[in-house]
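K.L.:
Build me a structure from this.
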Amino acid sequence: MTIMNKNYQQVWQTVQCIPTGKVANYGQVADLAGLPGRARLVGKALGMVPKEGWQGKTVPWYRVINSQGKISFPLGSEQHLKQKQYLQDEHVVVIGNRISMPSFQWQPDLTDLLYKLDF
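P.N.:
Take a look at the predicted model:
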């Protein structure tokens, strides 16, 4: 397994931990995946998620947004509309392309992470 593959898998596993109705930003996912400062790698990894998911589970890529609480895809694009719809289906309020981070940001419990993440 290459380092890049391992890094992607760490990102996917971390994103699988984000609960329904919550979001995390790229930098937060990078930090939690043990890849501090690698927010761009998170975006790249999410673009490479296998269609069948990873380890038999889907990777909810749409729960990851930028540090300003916005969907990163261009407003009104097909990808933007898809991500917005997925979030709204989980009762995340999206106004334009913005999500209220104080209301919807995932604040993981350290104990939870220790048992869910296996790097």
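
K.L.:
how near is the residue positioned nearest the centre of the chain to Thr111?
P.N.:
Taking C-alpha atoms, centre = their mean, the centroid of the chain lies closest to Val64, which sits 3.1 Å from it. For Val64, the distance to Thr111 equals 23 Å [C-beta to C-beta, to the nearest Å]. Bear in mind the C-beta positions are built from the backbone N, C-alpha and C, glycine included.

K.L.:
and the residue nearest to the centre of the chain, what pLDDT?
P.N.:
Among the per-residue scores, Val64 holds a pLDDT of 98.

K.L.:
quick one: contacts for it?
P.N.:
Neighbour list for Val64: Val15, Ile18, Val23, Ala24, Asn25, Tyr26, Val29, Val42, Leu46 [criterion: C-beta atoms under 8 Å, 6 or more residues apart in numbering].

K.L.:
which non-adjacent residue is nearest the first one?
P.N.:
Same thing as Val15. Spatial nearest neighbour of Val15, excluding adjacent residues (C-beta to C-beta, 6 or more residues apart in numbering): Val59 at 5.3 Å.
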